[in-house]
Each structure stands twice: as C-alpha cells, then as structure tokens.
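Colleague: kindly generate the corresponding structure for this input.
(one chain, ligands or ions: 1)
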Amino acid sequence: MTTRSLVRDAADRAATYLEEIDSRGVAPTSDAVAALSHFDRALPERPLDPASILRELDEVGSPGTSTSAGGRYFGFVIGATLPAALAASILATAWDQNAGLVVISPTTAKLEAIALRWLLDALHLPSESAAGFVTGATMANFTCLAAARHALLERAGWNVEEQGLFGAPPLNVVVGDEVHVTLLKALALLGLGRARVTRVPADAQGRMRADLLPPLDDRTILCLQAGNVNTGACDPMSELIPRARAAGAWVHVDGAFGLWAAATPSRAALVAGVADADSWALDAHKWLNVPYDSGVAICRDRDALRGATAVTAAYLVQGAEREPCEYTPELSRRARGVDVWAAISSLGRSGIAEMIERNCAQATRFAGGLRDAGYEILADVVLNQVLVSFGDDETTRRVIAGIQADGTCWCGGTVWHGRIAMRISVCSWATTDRDVELSLAAMLRVASEIVVAR
Ligand SMILES: Cc1ncc(COP(=O)(O)O)c(C=O)c1O
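Modeller: Predicted structure coming up:
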C-alpha cells in the first residue's frame, strides 16, 4: 500500500468512527474491552504490513474507546475535537515538525505566536504576556509556578535555576481548600511541597473565602482557581488579587476550564479581575475542543517565564523571533499551537463565546430537569458543571453505575461535602440540545428504576 492510500485509509476510518459515534454506547462494551487482549502478544520478530496494523487498530481498538469525541460524554472535564482542529492536527502530524525552534519550523512557530495573541485577546489577558504550549493544565500549572518561583527568589537575590532550592530563602504558597490535586502535584515537582502550603477554607460552593486570606508578602505565591472541578465555581478574583498584589505576592490562577468564562460576556463576571494576576494555567483540550494533549502556560512577566524554562546551547540556533522552546519545560515537542490556531480560526470570538454559553445553558437544563424530578442539585450551576444526588450515597452510586451501563451518556461520580454525587460536565462543541434531552431522559429513567427498586 502506498503512503497516500494508507493515509486515506486512516482518514476514512477516522471519519467513519466519528459518523458512527452517535449510534453506539458512550462507554465501550465489556466484550470490546475484553477483545483488547488481542493486542497482548510478544514483540513481533518481523515487520508487519502498515495496512494490516491500521485495520487491527481500528477493528479492535476503536470499539474499546469511550465516545468522548461525541456529544453525550459528560465525565471528568473532557471536551471533544472541533473538525477544524482535528483536520489541522492530522496535517500537522504529517508535517512532523519539532515545534521547539523557529529554524526547524517557521510555520508552526508563526501559528503558535498568532494563536497566543488571539488567546490573550479572547480571554482579555494582558497583551504583553508570554506563554508556552504544554500538555495540559497540570504542566501549565507547573510551568507558571516555576516562573513564580524564579521571580520571587530572584527578587530575594537567589538564582534558583543555578543554585537549586537547598539553602534558598523560603517561599510561602497559599492555596484554597478546593485546590485541584494537579496544582499540588506541580508544587511537589517544584520542591515547594504539597503539604507546606497554607490552605484557605472554601465556602459552600468551593470558592476561597476572601475574609480568611492570611497576611501575604513578597515571598508568597497565592494560587487561585477559576473553575472548581466539581462545581465550576471561581475564586473571588477581584477581592483577592488586588490584596495579593499590594503585598507584593505573585498570583497564579489555575483556570484549566473556568478561565474560558473570561471569553464569554454572559459569564465574564465570574472571573472579573482575573487579568490582574501574574500567571494563568489554561487547558485547550478541554473547553477549546482541540485534540489531546494541549494546555497553555501564560505569564505576564516574560523574563520570569524565560528565566525558568529557557536553555541555550551552541547547536540550538536562536534568532530574533519568539523561540517556542524558551517558554516550555520541553525542548522537542509537537506543534500544539497549530490545533489551537485552527480551533480559534474556525470559531472566532463569537463562536467561542457561543459554545461556552451553550454548554453552560445545557448544564442548567440538566440541573433543572433533575431538580424538577425531585433530585437534589448540590451546588449552584454557574458554569458547565452539575452535581446531583439521587438520594442516599448507595442509591446515587447505583444510579451512576446504571447510567454508565445504559450507554446513552456517561457521567462519573465524586464526593462533595461528604456525600456521593454524580458529576455532569458539559464542555463539548458536539453536544446538541437533543443530546441533552436524550441524556436527561436516560438519567431519569435509570434513576427512577433504581429509586423505585430500593
Ligand atoms: C481546575 C483544574 N486544574 C487542573 C486540571 C488538570 O488538567 P490536565 O488534566 O489537563 O492536566 C484540571 C482537570 O480537570 C482541573 O479541572
């Protein structure tokens, strides 16, 4: 088979997969998962034919996936892939560019710089900010916090990249009680410690209590959150950020998905004041609906970000333009900015706002339909997240399992304020209002069967 027919075969199979996504269950069947044992074989001694590798991948692998690329997957905070972003990613994969240096790939470096400018514009963040395209919000948090560590220690006369943390002036980190685990992981990776943090209590919705903020100083990193992973709630930025900045603290915002509220006029009030922070972690693979993996680490102070991440070596040709690798932990990496550029091109400012607004309205519809049927909504629905209890913990657990087995849609569980809850996260461009009605009907059917049976 020629490369052309192989690539065409892959594209055809991908298109068929997407066309059929609505006609199969959202979770893979147990038979499809069991069939994955087909892949369990020893290292092939001889080369295999690419066409048969692709066939096997599709015939055995495709049925073993969750249809998170479709419109009825509401687990975790996932997002699908916009057609333009998918197509761009396919072409960029064929380019196989190392996106680290302009000299290797002028096209991807250019598109990344433009995607970054557009992101700052859409999110109303300071236009002078620098950013790196990383794998997701975990690495965006890590990268931004590395910049914060660099800046605060530099002010104290300590070069952390050269000297390390042993003997360094101590830094304080303040987080909300509802901090995402991956921000704590980033702190652990940076030697700042998960347990060394000061935790500020959260209110009933999961927002940091501004009245309980401890005194801050210029050796403090204050970590705020835009979008609680369970409730979607955002910390009160306009109350907290001015106080932190007046004290000389660095403010970092984990805005994995909630920062997109800033791009949506009807939701922007949730994150009012967020542009006054020093750094922002953002996911693109969630609510911007680009392929995995894709996140952005944004930092107001270009020198702080470069100071934490840039490297030089004689063989790494660096020109006058923005060198992408100077803003990311990695040197070599895929050209994530191309997908982001394509997604923003295909939506435009109004399309981004419309998608976010539509998903928020769909979350509100889920909450209303479940509440009208007598089930308890455990937190205000301010963005795209819904938490619902179907009764006692065991009942809710069974309903979640029942909904997952039913296959119309997929939702996961969590514990919210000591109670088991089902999470509904709506962040897919592909979710139609019909998907919501079908899914809501399935939830109510499964729940009533289980509640009646108990
Ligand atoms: C608030 C928040 N921060 C960080 C993350 C981690 O994001 P990623 O999985 O893209 O690394 C998530 C994931 O849901 C999140 O909701």
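Colleague: list the contacts for the residue in the stretch 101-250 of the chain that the ligand sits nearest to?
Modeller: With Cβ to the nearest ligand atom, the shortest gap between the stretch 101-250 of the chain and the ligand falls at Gly136, namely 2.6 Å. C-beta here means a position set from N, CA and C on the backbone, and glycine is covered the same way. Listed by Cβ atoms under 8 Å, 6 or more residues apart in numbering, the contact set of Gly136 reads 256, 283, 285, 292-295.
Colleague: which ones among the residues you listed also lie next to the ligand?
Modeller: 256, 283, 295 (Cβ under 6 Å from any ligand atom).
Colleague: of these, closest to the ligand?
Modeller: Distance ranking of the ones next to the ligand among the contacts of Gly136 against the ligand, using Cβ to the nearest ligand atom, places Ala256 first at 3.4 Å.
Colleague: the residue nearest to the residue of the stretch 101-250 of the chain closest to the ligand when sequence neighbours are not counted - how many residues pack around it?
Modeller: Closest residue to Gly136 apart from its sequence neighbours, by Cβ to Cβ, 6 or more residues apart in numbering: Gly295 at 4.0 Å. For Gly295, the count of nearby residues is 27 (other Cβ atoms under 10 Å).
Colleague: who is Gly295 paired with across the strands?
Modeller: Beta-bridge pairing for Gly295 (DSSP bridges): Val134, Asp283.
Colleague: what secondary structure does the nearest residue to Val386 once chain neighbours are set aside sit in?
Modeller: Using Cβ to Cβ, 6+ apart and skipping the chain neighbours, the partner closest in space to Val386 is Ile424 (4.0 Å). Under DSSP: H, G, I helix; E, B strand; the rest coil, Ile424 falls in the strand class.
Colleague: Ile424 and Phe76 touch, don't they?
Modeller: No: between Ile424 and Phe76 there is no contact under Cβ atoms under 8 Å: 11.0 Å.
Colleague: closest to Arg306 among the contacts of Gly136?
Modeller: Nearest to Arg306 out of the contacts of Gly136 is Gly295 (Cβ to Cβ; 18.5 Å).
Colleague: would you write a ChimeraX line that selects the buried entries of the contacts of Gly136?
Modeller: Entered in ChimeraX, the line below selects the buried ones among the contacts of Gly136, by 16 or more other Cβ atoms under 10 Å:
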select :256,283,285,292,294,295
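Colleague: Val33: how many residues sit nearby?
Modeller: Quick note: Val33 (other Cβ under 10 Å) scores 12 neighbours.
Colleague: that one: which element?
Modeller: helix 30-34 (DSSP states H and E).
Colleague: how about Ala85?
Modeller: helix 83-95.
Colleague: buried stuff in that helix?
Modeller: Residues 84-86, 88-89, 92 are the ones in helix 83-95 that count as buried (16+ other Cβ under 10 Å).
Colleague: hang on, isn't Leu145 packed against His252?
Modeller: Yes: in this structure, Leu145 is within contact of His252 by Cβ under 8 Å, at 6.2 Å.
Colleague: and Ile424 and Phe76? Which one has more around it.
Modeller: A direct count of neighbours by other Cβ under 10 Å for Ile424 and Phe76 places Ile424 higher, at 26 against 16.
Colleague: what parts of the stretch 151-300 of the chain come near the ligand?
Modeller: 180, 182, 225, 227, 229, 254, 256-257, 283, 295.
Colleague: mark which of these are part of helices, please.
Modeller: Those of those mapping onto helices are Thr182, per DSSP state H.
Colleague: make CSV out of the residues of the stretch 151-300 of the chain next to the ligand and add pLDDT.
Modeller: Shown next, in CSV, are those (pLDDT from 0 to 100):
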residue, pLDDT
His180, 98
Thr182, 98
Gln225, 98
Gly227, 98
Val229, 98
Asp254, 99
Ala256, 98
Phe257, 98
Asp283, 98
Gly295, 98
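Colleague: what does the average pLDDT come to for stretch 363-374?
Modeller: Across stretch 363-374, pLDDT averages out at 98.
Colleague: quick one: contacts of that stretch?
Modeller: Here stretch 363-374 makes contact (Cβ under 8 Å, 6+ apart) with 232, 377, 381, 383-386, 388, 424, 426, 433, 436, 439-440, 443-444, 447-448.
Colleague: thought Leu216 was touching Arg245?
Modeller: No: checked against Cβ under 8 Å, the pair Leu216 and Arg245 is beyond contact range at 9.3 Å.
Colleague: the more surrounded of these two?
Modeller: Neighbour count, other Cβ under 10 Å: between Leu216 and Arg245, Leu216 has more, with 22 against 16.
Colleague: A strand includes the more buried one, no?
Modeller: No: assessed by three-state DSSP, Leu216 does not belong to a strand; its assignment is coil.
Colleague: pLDDT at it, what is it?
Modeller: 98.
Colleague: which phi and psi does it have?
Modeller: With angles defined as degrees, to the nearest 10, Leu216 sits at phi -120, psi 160.
Colleague: swap in Val415?
Modeller: Taking degrees, to the nearest 10 as the convention, Val415 sits at phi -120, psi 120.
Colleague: hmm, back to that, make TSV out of the ones next to the ligand among the contacts of Gly136 and add distance to Ala272.
Modeller: What follows is these, written out as TSV (distance: Cβ to Cβ, whole Å):
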residue	distance to Ala272
Ala256	19
Asp283	21
Gly295	23
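Colleague: quick one: which of these is nearest Ile21?
Modeller: Asp283 (22.1 Å).
Colleague: isn't that closest one right up against Ala297?
Modeller: No: between Asp283 and Ala297 there is no contact, the gap being 10.9 Å when judged by Cβ under 8 Å.
Colleague: which neighbours do the two have in common?
Modeller: Ala140.
Colleague: just flag the most distant two among the contacts of Gly136.
Modeller: Taking Cβ to Cβ, the two most distant members of the contacts of Gly136 are Ala256 and Tyr292; they sit 13.6 Å apart.
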